[in-house]
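In: Any chance you could fold what I've pasted below:
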Amino acid sequence: MDKTVLDAKKNEGSQSTAWSVFSELVKLRLTTMVLITTLVGFYLGLNAESGGLAQNLAKLGLTLLGTGLLAAGASILNQYLEREHDAKMERTAIRPLPSGQIGTEAALLLGGAVSVGGLLSLAVWVNLLVAVLGAVTLVTYLFIYTPLKRTSEWNTVIGAIPGAVPPLMGWAAARGGVEFPQGWILFGILFFWQMPHFMAIAWMYRDDYEKAGFVMMPSAVDGGARTGRQAISHTLLLCIASLMPFVMKLAGPVYVSGAVLLGGLFLWAAIRFSRELNRQSARVLFFASIIYLPLLLGLMVVDKLKIGG
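Out: Numbers count the residues shown, from 1 in each chain. Predicted coordinates for the structure are as follows:
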């Protein structure tokens, strides 16, 4: 990035409010999505033995507290590890660490403390299995996915794993276990959803990623064609996975009707992206992904409410 532009970005960041610094540091939008998927996993995991939502509000609150702390801590530590690379990208240069709004030692201590606090909260107040799943998420995200971004274009596949675990944590909190295949359905949906979502992001910011030293598929040899194929194949797998709640009787006809419609629109966006491979089609795919997921999860919740689950 041009030094003048970078200095301007950093100056803009230095004038940020305390709230904007906090929200950027904990990646508030990402953490919110983690909490929403955990909540949906918890709600869908409730059954006759565990009781209804009203009887489990305290457990739900503690689950969300621990998961939120863990997600926030992981985000802070991720930015600590990637601070030098973030400084080279236009869209991340104003983050708190590269812009100098928070010191590196402070970020390391804060991220570590918040992460440990989240894991302890889950272990003591929810159950050990949820804490173990949280620990696996943290380790995979920080020590496998994060360094892999600088060495392999397949980092997105690994990165989709920690992103798919939160609903599984919610399910395990509600039931005390992760039955197969029911407990893993939401994991599969979140895993496959992330691939076209992040392929669109990787394409839009491929030059930025390359400047920062990240190895992303769009910048590899024949990367454009393979990025398009990955977007289509994983959207197809997502469409199949999205039908599993109906097949496993976790959701009814209201859900499956909406899932088919949403999946068709998402697949259209992926096919268009694969054919055109330009910024506009990538943006369409990106926005299709962020519209698809909350609507699909909302359908699950509404359908369970309708059938009195």
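In: How much space separates residue 107 from residue 65?
Out: Noted for residue 107: a distance of 22 Å to residue 65, by Cβ to Cβ, to the nearest Å. Just so you know, the C-beta spots here come from the backbone N, C-alpha and C atoms, and that holds for glycine as well.
In: which of the two has more neighbours?
Out: Taking other Cβ atoms under 10 Å, residue 107 and residue 65 do not tie; residue 107 has more neighbours (20 against 17).
In: What is whichever strand or helix holds the more buried one packed up against?
Out: In this assignment (DSSP states H and E), residue 107 forms part of helix 104-125. Packing partners of helix 104-125 (3 or more Cβ pairs under 8 Å, 6 or more residues apart in numbering; DSSP states H and E): helix 57-81, helix 128-139.
In: average pLDDT across the last one?
Out: I take that to be helix 128-139. Helix 128-139 shows a mean pLDDT of 98 in the predicted model.
In: just the longest one next, same as before
Out: Mean per-residue pLDDT for helix 57-81: 97.
In: Tell me what angle it forms with helix 128-139.
Out: Relative orientation of helix 57-81 versus helix 128-139 (axes from the mean of the first three to the mean of the last three Cα atoms, to 10 degrees): 20 degrees.
In: Return the set of buried residues in the helix or strand that comes right after helix 57-81.
Out: Next in sequence after helix 57-81, counting helices and strands by DSSP H and E, comes helix 83-86. If you call a residue buried by 16 or more other Cβ atoms under 10 Å, then helix 83-86 has these buried ones: 83, 85-86.
In: ok, now how distant is residue 133 from residue 190?
Out: According to Cβ to Cβ, residue 133 stands 13 Å off from residue 190.
In: same question but for residue 110, I mixed them up
Out: Distance, residue 110 to residue 190, using Cβ to Cβ: 27 Å.
In: So for those two, which sits in the more crowded spot?
Out: More crowded of residue 110 and residue 190, by other Cβ under 10 Å: residue 190, with 25 against 19.
In: quick one, what contacts residue 245?
Out: 44, 185, 251, 255-256, 259, 300 (Cβ atoms under 8 Å, 6 or more residues apart in numbering).
In: likewise residue 233?
Out: Shown in contact with residue 233 (Cβ under 8 Å, 6+ apart): no residues.
In: now do the one 10 residues further on
Out: Contact partners of residue 243, counting by Cβ under 8 Å, 6+ apart, are 256, 259-260.
In: tell me which element it is part of?
Out: Short version, using DSSP H and E: residue 243 is in helix 223-247.
In: Can you list the neighbours in contact with the helix or strand following that helix?
Out: The helix or strand immediately downstream of helix 223-247 is helix 253-276, counting by DSSP H and E. With contact meaning Cβ under 8 Å, 6+ apart, helix 253-276 is reached by 196, 199-200, 203, 228-229, 231-232, 235-236, 238-239, 242-243, 245-246, 281-282, 284-285, 288-289, 292, 295-296, 299-300, 302-303, 306.
In: List buried residues within those residues.
Out: Buried positions within the contacts of helix 253-276, assessed by neighbour count (16+ other Cβ under 10 Å), are 196, 199-200, 203, 228, 231-232, 235-236, 238-239, 242-243, 245-246, 281-282, 284-285, 288-289, 292, 296, 299-300, 303.
In: related to what we said a few turns ago, any chance of the contacts of residue 245 in CSV with pLDDT and distance to residue 58 as columns?
Out: Below are the contacts of residue 245 laid out as CSV (pLDDT from 0 to 100; distance: Cβ to Cβ, whole Å):
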residue, pLDDT, distance to residue 58
44, 92, 19
185, 94, 26
251, 87, 26
255, 94, 28
256, 95, 33
259, 97, 32
300, 92, 23
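In: which of those lies closest to residue 121?
Out: Distance to residue 121, by Cβ to Cβ, is smallest for residue 44 among the contacts of residue 245, at 22.2 Å.
In: quick one, domains of the protein?
Out: Following automatic domain parsing, one gets these domains for the chain: 1-178, 179-309.
In: Around residue 279, how many other residues sit close by?
Out: Neighbours of residue 279 using other Cβ under 10 Å come to 13.
In: hang on, the earlier thing: tell me which of the helices and strands packed on helix 104-125 sits most buried.
Out: helix 57-81 (a mean of 21; mean count of other Cβ atoms under 10 Å).
In: Just say helix, strand or coil for residue 92.
Out: Following DSSP: H, G, I helix; E, B strand; the rest coil, residue 92 is assigned to coil.
In: Which residues lie in contact with it in this structure?
Out: 86, 98, 212.
In: Likewise for residue 225?
Out: Taking Cβ under 8 Å, 6+ apart, we find residue 225 in contact with residue 277.
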